[in-house]
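Participant: attaching a predicted model along with its sequence, questions to come.
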Amino acid sequence: DAGVTQSPTHLIKTRGQQVTLRCSPKSGHDTVSWYQQALGQGPQFIFQYYEEEERQRGNFPDRFSGHQFPNYSSELNVNALLLGDSALYLCASSWTSGVQETQYFGPGTRLLVL
Amino acid sequence: DAKTTQPTSMDCAEGRAANLPCNHSTISGNEYVYWYRQIHSQGPQYIIHGLKNNETNEMASLIITEDRKSSTLILPHATLRDTAVYYCIVRVTNSGYALNFGKGTSLLVTP
């Protein structure tokens, strides 16, 4: 049973560019959450997708957007990259219809903005 | 979600039990206690969660006090691979709410 997968593993971009990160949830999961983790900090919640809709959002600007596909996979898009967007981006999946919504994390995508 | 307080760092000798405390004095009745850990540069790993009863799985045991204001995660026989940052998170389940990670406890297991 495959766990949560993310691609790419590493990415280097320059300021002003746009980036798309991808996530495939754990088998049987229908909900995807995205987190940003800056160096030395705990993960910070960006948003959560369920039934192809954003249903909860953290304190992140509109430059951060996402999408969920019918197969439950998800993308995170960041426009107009800033140096401060350099971080580890984590995807977590869960099962909303289940009794317990435990979130399981992928290995992350490390983004470096130069 | 209730706020949690954890020690910044702890040491443990390999083979001994690691007991990681967490204070959540403002926890409400429908909030669960979750534990995750993060090994350097990897994604957080789910360990265990509980509401009010003690819980045990293949990774760890979770002891919650009767008043639910604190809990302890126990790794019964710590190994070097248990060196990680451990996060205690209190949240309402079935709510779609985000996980609010604090700073966690950095556990160092030494030979």
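Facilitator: Perfect, I can see it now.

Participant: contacts and neighbour counts: CA atoms only from here.
Facilitator: OK.

Participant: pairing partners for the helix or strand of chain B with the lowest mean pLDDT, with directions?
Facilitator: Across the helices and strands of chain B, mean confidence by mean pLDDT, DSSP states H and E is lowest for strand B:84-92: a mean of 92. Sheet pairing for strand B:84-92, assigned by DSSP bridges, gives strand B:31-38 (antiparallel), strand B:105-110 (antiparallel).

Participant: now these in TSV, with mean pLDDT?
Facilitator: Output for the strands paired with strand B:84-92, formatted as TSV (pLDDT from 0 to 100):
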stretch	mean pLDDT
strand B:31-38	94
strand B:105-110	97
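
Participant: who touches stretch A:107-114?
Facilitator: For stretch A:107-114, the surrounding residues in contact (CA atoms under 8 Å, 6 or more residues apart in numbering or on different chains) are A:4-15, A:21, A:81-91, B:42-43.

Participant: report the distance from that stretch to the chain centre.
Facilitator: 11 Å (CA atoms, centre = their mean, to the nearest Å).

Participant: now, of the contacts of stretch A:107-114, which are buried?
Facilitator: A:4-7, A:13, A:21, A:81-82, A:85-91, B:42-43 (16 or more other CA atoms under 10 Å in any protein chain shown).

Participant: mind listing what's buried along stretch B:102-111?
Facilitator: Result for stretch B:102-111 [16+ other CA under 10 Å]: buried residues B:102-109.

Participant: do stretch A:32-40 as well
Facilitator: A:32-38.
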